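[1] I'll drop the sequence and a predicted model, then ask my questions.
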Amino acid sequence: MASKEEKVEEYFKAELDKLGIKHYGKTQASEVSPSIGKVLAEAPSKSGGSGINYPDIMLMLNYDKLNRHIPVMIEAKGGKNKLESLDTKTGKIKQVTTYESDSKPGTKNPHKKGDLNYNAIKDFAVNGAYHYAKVILESEDCDFDEVIFIGINGTTLDKDTNEISDPEQKAYYLSRNNKMQPKHIEELDVQ
């Protein structure tokens, strides 16, 4: 049986299909763009280590008349309060933070105070999608100046249809021209 996260992903892919929007899955980054495929394969993973980055859904918005092409990176989660994590002081989307104390002895993933903490990127949809967008724009090997990133989430499976009955999404625009400051696209939110 598919996980809630997989069901969320399936739900949003079906919505894109209804709209006639071509989309790509986790292992198809090179089909979106060869440079995106290369950059995602070589950048540090959401956990901070080596490994390929796999956005759950990707697509490309093409405005041929303006020669403008905007990649869209989408990350799915399937848990309560897993759409987005913001810094409580700044209101900005959390990325890599540091642990404020040592882990307890015997912890599965031990850490020391001050070690890098990637939990927000791994555990929240918007935060993970933001990671992918930053990887693309921070690379000199990628020929894009702007990316849209979207977090999608849902927690409740409808018993009759086995579909997500409480989908939510939040979208942002990120550009080299706006100093890499995410701009919320409220028109694309689903709550």
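    Okay, I see it. Numbers count the residues shown, from 1 in each chain.
[2] which regions of the protein sit below the pLDDT cut-off?
    Applying pLDDT under 70 to the chain flags the ranges 1.
[3] could you redo the last one with a cut-off of 80?
    1-2, 51, 157, 159, 161-163 (pLDDT under 80).
[4] before we move on, what SS does the residue nearest the centre of it have?
    Against the mean C-alpha coordinate of the chain, by C-alpha atoms, centre = their mean, the closest residue is A129 at 1.6 Å. Three-state call for A129 (DSSP: H, G, I helix; E, B strand; the rest coil): helix.
[5] list the contacts for it?
    The neighbours of A129, taking C-beta atoms under 8 Å, 6 or more residues apart in numbering as the test, are 55, 73-75, 149-151, 172. Yep, even glycine has a C-beta here, placed from its N, CA and C like the rest.
[6] 6 Å - rerun?
    73, 75, 149-151 (C-beta atoms under 6 Å, 6 or more residues apart in numbering).
[7] want to try TSV for these, with neighbour count and distance to K113 as columns?
    Shown next, in TSV, are the contacts of A129 (neighbours: other C-beta atoms under 10 Å; distance: C-beta to C-beta, whole Å):
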residue	neighbour count	distance to K113
M73	29	32
E75	27	29
F149	29	31
I150	27	34
G151	27	29
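[8] And those, which is closest to S47?
    E75 (13.9 Å; C-beta to C-beta).
[9] Name the helix or strand for that closest one, please.
    strand 68-76 (DSSP states H and E).
[10] where does the nearest residue to A125 once chain neighbours are set aside land in three-state SS?
    Once flanking residues are discounted, A125 sits nearest to G151: 3.1 Å by C-beta to C-beta, 6 or more residues apart in numbering. In three-state terms, and counting by three-state DSSP, G151 is strand.
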